[in-house]
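J.: Prediction below, plus the sequence it came from.
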Amino acid sequence: MIARLKIEQPGLGVTAQDCGRTKYRALGVPLSGALDLLQLAAANALAGAPEGSAGLEILLAAPSFRVEKGPLRVGLAGAYSGMLTRADGSQQKIAGWRGLVLQTGDLLALRLTRGPAYVGFSGGLDLPLILGSRSTFLRGKFGGFCGRALMAGDTLRCAAAEGEEAAAPVFAHEQGPLRFIPGPQDQNFTPEALAAFTATEWRVSAASDRMGMRLAGPKLTHRPGGANIVSDGATPGAIQVPGDGQPIVLRADCQTSGGYAKIGCVISADVFRAGHFFAGEAVTFTPVGHQQAAEARQNLHAKLAQWRDKITPVKQPWDLEKLWSENLISGAFSGE
Amino acid sequence: MRSEPRVLPLGDAAATVTFGDSINPEMHERALGLAARLALQPLPGVIEWAPAFASVTLWYDPDQITFDALRASLAPVLREGARKKIEGASFVIPFCRDADFAPDLAETAALKNLSPDQYIDRFAGVVFEVAMLGFQPGFAYLGGLPDALDAPRLATPRKHVPARSVAVADGMCAAYPLDSPGGWRLIGRTPAPLFDPRNPERPALLTPCDKLRWRPIDRATFERLERQWAENFSPDVLRESS
């Protein structure tokens, strides 16, 4: 059974994303996918969607949508607030880290105190696979919903689903510096630049998007001729430093190759965090080795598994009353 | 003298095998040789790879293979030192050099003491070869621009380069599959779709080692082909008839 919902307010920076588009990087096709894959996984878990399903990524402002054909489940991973207006007019305040069951006619008006955040849908969003992925690549105008951000009037489809509502604790990322492995071109920088890179509290510049996070701080000096390299592979998390000495941390939509020296690359356990910084905020970096990167990755897997275990069903009010009345009748729940 | 390839970390989920730090045929053939070898016999844990001018970047699953294990499994492959010149396809691709498509033609031609007509005549006689793809989906770096036609990149990149612009700079030629910023010199525009995400078999028109020539066309032909190919396009129509 297919469920359907219509976007009433499109929000800002709202795109469909899954785990990204692999296998085509040799043709210059970026990975794309959720900036924070863990939070997308959490949204899918709360919606009861299979791992790797496509959901919505919200960067700046959250959308409102009305269910045209229910029931369906949504999973809200992020610092949401807002209002759910049921078809009968009754209203309920919304919080993040919940799985909700929506019925035909329900209007979910989401608010977001901070992005990125994710909405998962039962069965995952029903979108065509483009080069093996449902992720939106905005610059390429392909993938996701018609290759673009959502607009008012768009209709999304997912699988129909009912069941219990769910709640989970906040999945909080670690704080602290972004850990990176030096290279491939750390040798292209002066020792002073390498030291300054890790000693500096960098400021995120306004010109940051899904392709990269630009940083402002002291100028990092390359060794003579070290700024421009023969183009080689680039990947999300890579820290490019062009001739102006101001680092750019590449993000999910980054190009697959680049001609600027890369001082290092953020480890996979921290690359999800790199999507959470906004203009004016401070970022610091600390170098690690492959062993520490592997441990961080294992810790993160374990943390996500523990978080999943804490997802608990939430009975709806009428369910509770029904439960009580049954217990009273049967007497099976006597505390005496 | 042959330098030893180096395997450099690109974070904990990718690594770049580099054969050198310049653009030359030998290093390029070694990069293509490694990519071809990986295609024949994939290494465990390696998800995908992309050859560049003098390197190959591999993306791997760190839960399946460590960087050290990857480097160890690459060592015998690199010792083989395969060099490869793939026999690519040959294309003739039309392009139109009308003034609005070619804002940098007059200046670039003047830098080489040529008139725009002379520049385009010579340009149309060059056989280019695809070195690598990157920057954008389907963006092919075309080697073979002779010195007589070469000019450096623009000092200030354009904020907006229209899709399918044909451009030259720094000894190379390229055509932009998508609208984007860009610093190359625009000398024309092709009506040919350079990237089609709906064709999973061959999304990019050009792949490494393909050869191509540019064929000048007039505006009317450009507009007719652009309309026609927006509806229905097969790369085969651009193949050079042998």
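T.: Ah, there it is.

J.: Find me whatever residue is spatially closest to the closest residue to chain B within the stretch 151-300 of chain A, sequence neighbours aside.
T.: Going by CB to the nearest CB, chain B is nearest to residue A:233 of the stretch 151-300 of chain A, at 2.4 Å. Where C-beta positions appear, they are placed from N, C-alpha and C, glycine not excepted. Of all residues not flanking residue A:233 in the chain, residue B:57 sits nearest, at 2.4 Å (CB to CB, 6 or more residues apart in numbering or on different chains).

J.: doesn't residue B:46 make contact with that neighbour?
T.: No. In this structure, residue B:57 is not within contact of residue B:46 by CB atoms under 8 Å, at 10.8 Å.

J.: Looking at the two now, which is surrounded by more residues?
T.: residue B:57 (27 against 19; other CB atoms under 10 Å in any protein chain shown).

J.: For that one, what are phi and psi?
T.: Torsion angles at residue B:57 (phi, psi; degrees, to the nearest 10) stand at phi -100, psi 130.

J.: now swap in the one 10 residues further on and tell me
T.: Reported as degrees, to the nearest 10, the phi and psi values for residue B:67 are phi -60, psi -40.

J.: Just want the most central residue of chain B.
T.: The centre of chain B sits closest to residue B:140, judged by CA atoms, centre = their mean, with a distance of 2.0 Å.

J.: Count the residues that sit near the spatially closest residue to that residue that is not a sequence neighbour.
T.: Of all residues not flanking residue B:140 in the chain, residue B:206 sits nearest, at 4.0 Å (CB to CB, 6+ apart). Neighbour count for residue B:206, taken as other CB under 10 Å: 31.

J.: Look up which helix or strand residue B:206 falls in, please.
T.: In the assignment (DSSP states H and E), residue B:206 maps to no helix and no strand.

J.: didn't residue B:14 look like it was pressed against residue B:59?
T.: Yes. Taking contacts as CB under 8 Å, residue B:14 lies within contact range of residue B:59: 4.7 Å.

J.: who has more neighbours, these two?
T.: residue B:14 (30 against 21).

J.: in stretch B:210-221, what counts as buried?
T.: Neighbour counts using 16 or more other CB atoms under 10 Å in any protein chain shown place B:210, B:211, B:212, B:214, B:216, B:217 of stretch B:210-221 among the buried residues.

J.: Pull it out as PDB, backbone CA atoms only.
T.: Extracted C-alpha coordinates of stretch B:210-221, given in PDB (Å, rounded to 0.1, in the frame of the first residue of the first chain):
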ATOM      1  CA  ASP B 210      38.500   8.400 -26.100                       C
ATOM      2  CA  LYS B 211      39.600  10.600 -28.900                       C
ATOM      3  CA  LEU B 212      37.700  13.500 -30.300                       C
ATOM      4  CA  ARG B 213      37.700  16.300 -32.800                       C
ATOM      5  CA  TRP B 214      35.500  19.400 -32.700                       C
ATOM      6  CA  ARG B 215      33.500  20.200 -35.800                       C
ATOM      7  CA  PRO B 216      32.400  23.800 -36.300                       C
ATOM      8  CA  ILE B 217      28.600  24.200 -37.100                       C
ATOM      9  CA  ASP B 218      26.500  27.300 -37.600                       C
ATOM     10  CA  ARG B 219      23.800  28.600 -35.300                       C
ATOM     11  CA  ALA B 220      20.900  27.100 -37.100                       C
ATOM     12  CA  THR B 221      22.500  23.700 -37.000                       C
END
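
J.: residues in contact with that stretch?
T.: For stretch B:210-221, contacts defined as CB atoms under 8 Å, 6 or more residues apart in numbering or on different chains pick out B:88-98, B:120, B:123-130, B:140, B:142, B:166, B:173, B:188, B:190-191, B:206, B:225, B:240.

J.: can you pull the contacts of the closest residue in space to residue A:59 that isn't next to it in sequence?
T.: Closest residue to residue A:59 apart from its sequence neighbours, by CB to CB, 6+ apart: residue A:13 at 3.2 Å. Counting by CB under 8 Å, 6+ apart, residue A:13 makes contact with A:57, A:58, A:59, A:60, A:61, A:115, A:149.

J.: now that we have those, which one has the most neighbours?
T.: Top of the contacts of residue A:13 by neighbour count (other CB under 10 Å): residue A:57, with 31 neighbours.

J.: Name the SS class of that one, please.
T.: Assigned by DSSP: H, G, I helix; E, B strand; the rest coil, the conformation of residue A:57 is strand.

J.: Please name the nearest non-neighbouring residue to it.
T.: Nearest non-adjacent residue to residue A:57 (CB to CB, 6+ apart): residue A:17, at 4.5 Å.

J.: Show the pLDDT at the one you found.
T.: Per-residue confidence (pLDDT) for residue A:17: 98.

J.: From what I see, it and residue A:36 are in contact.
T.: No. The criterion here is CB under 8 Å, and residue A:17 misses it with residue A:36 at 9.6 Å.

J.: that older thread, please name the residues that touch the residue nearest to the centre of chain B.
T.: Shown in contact with residue B:140 (CB under 8 Å, 6+ apart): B:130, B:131, B:132, B:133, B:174, B:175, B:194, B:204, B:205, B:206, B:207, B:210.
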